[in-house]
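Novice: following is a predicted model, sequence given first.
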Amino acid sequence: MVCLGNICRSPLAEGILRSKAEKQNLPVEIDSAGTSNYHTGQHPDNRTIQNALQHDVDVSKLKARQFSVHDFDAFDHIFVMDSSNYNDVVALARNEKDKQKVEMILNRVYPDSNMSVPDPYFGGEQGFENVFILLDKACEVIAGSMGNTIN
Ligand code: 4NP
């Protein structure tokens, strides 16, 4: 799961998908990263932590890191939150196989729409709840597809 800062959207996506995967006993590794290093080493934004807790998802222990080219080797799927993340991650792809791993996460809910998960960082509480609702829908679809085929 990849966003810009790795303190709002992508750690939440990581927490939501992990919670769904655990409920289904899926043997998958889930992680998140930011395209920037602005917040490396920091826990998620407090507003993300609090919003997630209201939905029984705990992301308080996660720590931000920057996306690296090695993530193309470590992971089968790379879900990005917005089109700018998409461009930044694809720019690091070494070949077509790397590039094919990168998907706009909301395309799993709204195929081919290339919709972005809005960045809630500079907005109010409602933005965080809106992000939760969008990511919960997307992760439900992703967890379902993992259950069928582990891909
Ligand atoms: P995120 O949100 O990409 O969802 O983690 C942001 C966090 C920090 C900044 C921008 C977006 N920032 O500019 O510091």
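Specialist: Cool, the structure landed.
Novice: and the helices in this protein?
Specialist: All helices of the chain, identified by DSSP state H, fall at 9-23, 46-54, 71-74, 83-90, 96-100, 125-149.
Novice: list the buried residues in the second one.
Specialist: Using 16 or more other Cβ atoms under 10 Å as the test for burial, helix 46-54 gives Arg47, Thr48, Ile49, Asn51, Ala52. In this view, the C-beta of every residue, glycine as well, is placed from N, C-alpha and C.
Novice: what's the closest of these to the ligand?
Specialist: Thr48 (7.9 Å; Cβ to the nearest ligand atom).
Novice: looking at that closest one now. What's its pLDDT?
Specialist: On the pLDDT scale, Thr48 is placed at 98.
Novice: now do the contacts for it.
Specialist: Contact analysis of Thr48 by Cβ atoms under 8 Å, 6 or more residues apart in numbering lists Ile7, Cys8, Pro11, Leu12, Val59, Pro120, Phe128.
Novice: tally of neighbours for the fourth one?
Specialist: Same thing as Leu12. The number of residues packed near Leu12 is 33, by other Cβ atoms under 10 Å.
Novice: hmm, Val109 and Ile142 touching each other?
Specialist: No: applying Cβ atoms under 8 Å, one finds Ile142 not in contact with Val109, separated by 9.5 Å.
Novice: which of the contacts of Thr48 sits closest to Gly41?
Specialist: When the contacts of Thr48 are compared for distance to Gly41 (Cβ to Cβ), Ile7 wins out at 10.5 Å.
Novice: roughly how far does that closest one sit from the ligand?
Specialist: 4 Å (Cβ to the nearest ligand atom, to the nearest Å).
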